[in-house]
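# Pasting the sequence and the predicted coordinates here, then a few questions.
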Amino acid sequence: MDGGRIDYREAMRDLTDVRYETADHTATITIDRPERMNAFRGKTVDELIHAFKTAWSDPTVGTIILTGAGDRAFCAGGDVKERAETGGYGDTEWGTFEIERLHRIIRDVPKPVIAAVNGIAIGGGHVLHVLADLTIAAPHARFGQSGPRVGSFDAGFGSAYLARVIGEKRARELWFRCRLIDAEQALDWGLVNEIAPDGELAATAQAWADDINRHSPTALRFLKHSFNADTDHLSGLSHLAFDGLDLYSHTDEAGEGAAAFAEKREPDFRRFRR
Ligand SMILES: CC(C)(COP(=O)(O)OP(=O)(O)OC[C@H]1O[C@@H](n2cnc3c(N)ncnc32)[C@H](O)[C@@H]1OP(=O)(O)O)[C@@H](O)C(=O)NCCC(=O)NCCSC(=O)CCC(=O)c1ccccc1C(=O)O
């Protein structure tokens, strides 16, 4: 049996890193840190979780759009500068960095999630769009993983599920080479569903949401969870991967990646080769 409801409206009023808006039966969640290319810190992740949970429990919302502020970046992943300065992702509501919980909520929320990729989607930011049910890209959007360059990895959904979406060779290419691909190539690889006309990303994402919102929410809920069921075993792999990442993030090797980015130089990983 469901319990009572905690009122999150207070928390939703105090958002600093994320914007939450509803219109036309669609919740739009915008990562709002353009000065850091919408990179997320711990607080950003907390706020994204609140926003997704709010959309989940709002019966007037049928579809959720996730996007980034401005037109340079959708999300540049974890805040590497914060990590270089403090060794972590800053203060959080529960004292823990809840990125794995965010990944789960994007998959579990029983409403379609559309990533509207308005610029660069890289690192943990790229993983967010991969986990979304659908991706619409701006023509100038670019996509890729950067973990091995900056001392990070997502060896769970970010690699295994990515391989399911675009194929093993292409997923390995994105992770091993750490080079960005453009929107046309992403479309060709099946990494995005459509490239919106220039300047029409939000309208195109909303048009897709309007299509979805005309349909049976229960049918959509079953379909989403049915699509997920086949890859849900990757949750176990993700737990292991995040345990490993937690250990790795405290090593000199990971520190070299973050420090090199913050100092605007090439990382030198040679001394860590075994
Ligand atoms: C995004 C770039 C390719 C853009 O390049 P460019 O257009 O040349 O602009 P820049 O001048 O480089 O950047 C402009 C401005 O933004 C700042 N910035 C960019 N990205 C970040 C960032 N990630 N963190 C903080 N700040 C950022 C940049 O420093 C500039 O600021 P100035 O003050 O003007 O100098 C390029 O910027 C780039 O490659 N960025 C780094 C991308 C990256 O490597 N992201 C992190 C990947 S690792 C990650 O995301 C792991 C985090 C994570 O998700 C996680 C953590 C813990 C457990 C699990 C996970 C998990 O993976 O899920």
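Nice, I can see it.

# who's in contact with the residue nearest to A260 when sequence neighbours are not counted?
Nearest non-adjacent residue to A260, counting by C-beta to C-beta, 6 or more residues apart in numbering: P267, 3.7 Å away. Backbone N, C-alpha and C define where each C-beta goes, glycine included. By C-beta atoms under 8 Å, 6 or more residues apart in numbering, the contact set of P267 is 149-151, 256-257, 259-261.

# what about 6 Å?
The contact partners of P267, taken as C-beta atoms under 6 Å, 6 or more residues apart in numbering, are 256-257, 260.

# Among those residues, the buried ones, what's the PyMOL command?
Under the burial definition 16 or more other C-beta atoms under 10 Å, those of these that qualify are selected in PyMOL by:
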select buried, resi 256+257+260
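
# ok, so what distance separates I29 from the ligand?
Separation of I29 from the ligand (C-beta to the nearest ligand atom, to the nearest Å) stands at 17 Å.

# Unless I misread the structure, that residue falls within a strand.
Yes: counting by DSSP: H, G, I helix; E, B strand; the rest coil, I29 falls inside a strand.

# Show me the strands in the protein, by range?
18-23, 26-31, 63-68, 73-75, 113-117, 120-122, 134-137, 142-144, 181-182, 194-195 (DSSP state E).

# out of those, which comes closest to T204?
Counting by C-beta to C-beta, T204 lies closest to strand 134-137 out of those; the figure is 5.4 Å.

# Within the sheet, what are the partner strands of the closest one, with directions?
Strand pairing for strand 134-137, determined by DSSP bridges: strand 113-117 (parallel), strand 194-195 (parallel).

# Tell me which of those sits nearest to the ligand.
The ligand sits nearest to strand 113-117 of all the strands paired with strand 134-137, at 12.8 Å, using C-beta to the nearest ligand atom.

# would you turn the strands of the chain into JSON lines with mean neighbour count and mean pLDDT?
What follows is those, written out as JSON lines (neighbours: other C-beta atoms under 10 Å; pLDDT from 0 to 100):
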{"stretch": "strand 18-23", "mean neighbour count": "16", "mean pLDDT": "98"}
{"stretch": "strand 26-31", "mean neighbour count": "24", "mean pLDDT": "98"}
{"stretch": "strand 63-68", "mean neighbour count": "26", "mean pLDDT": "99"}
{"stretch": "strand 73-75", "mean neighbour count": "30", "mean pLDDT": "98"}
{"stretch": "strand 113-117", "mean neighbour count": "28", "mean pLDDT": "99"}
{"stretch": "strand 120-122", "mean neighbour count": "27", "mean pLDDT": "98"}
{"stretch": "strand 134-137", "mean neighbour count": "26", "mean pLDDT": "99"}
{"stretch": "strand 142-144", "mean neighbour count": "22", "mean pLDDT": "98"}
{"stretch": "strand 181-182", "mean neighbour count": "18", "mean pLDDT": "98"}
{"stretch": "strand 194-195", "mean neighbour count": "18", "mean pLDDT": "98"}
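
# any idea how far H140 lies from the ligand?
When distances are taken as C-beta to the nearest ligand atom, H140 and the ligand turn out to be 11 Å apart.

# number of nearby residues for that residue?
Neighbours of H140 under the rule other C-beta atoms under 10 Å: 16.

# Would you state the helices of the chain in chain order?
Secondary structure of the chain by DSSP state H: the helices cover 9-13, 42-57, 80-86, 99-108, 124-131, 147-150, 162-166, 168-177, 183-188, 201-213, 217-229, 234-248, 252-262.

# hey, which of those helices is tucked in deepest?
helix 124-131 (a mean of 26; mean count of other C-beta atoms under 10 Å).

# what's the angle from it to helix 168-177?
Interaxial angle, helix 124-131 versus helix 168-177 (axes from the mean of the first three to the mean of the last three C-alpha atoms, to 10 degrees): 170 degrees.

# and helix 124-131, what other elements does it pack with?
With contacts defined as 3 or more C-beta pairs under 6 Å, 6 or more residues apart in numbering; DSSP states H and E, helix 124-131 has these neighbours: strand 73-75.
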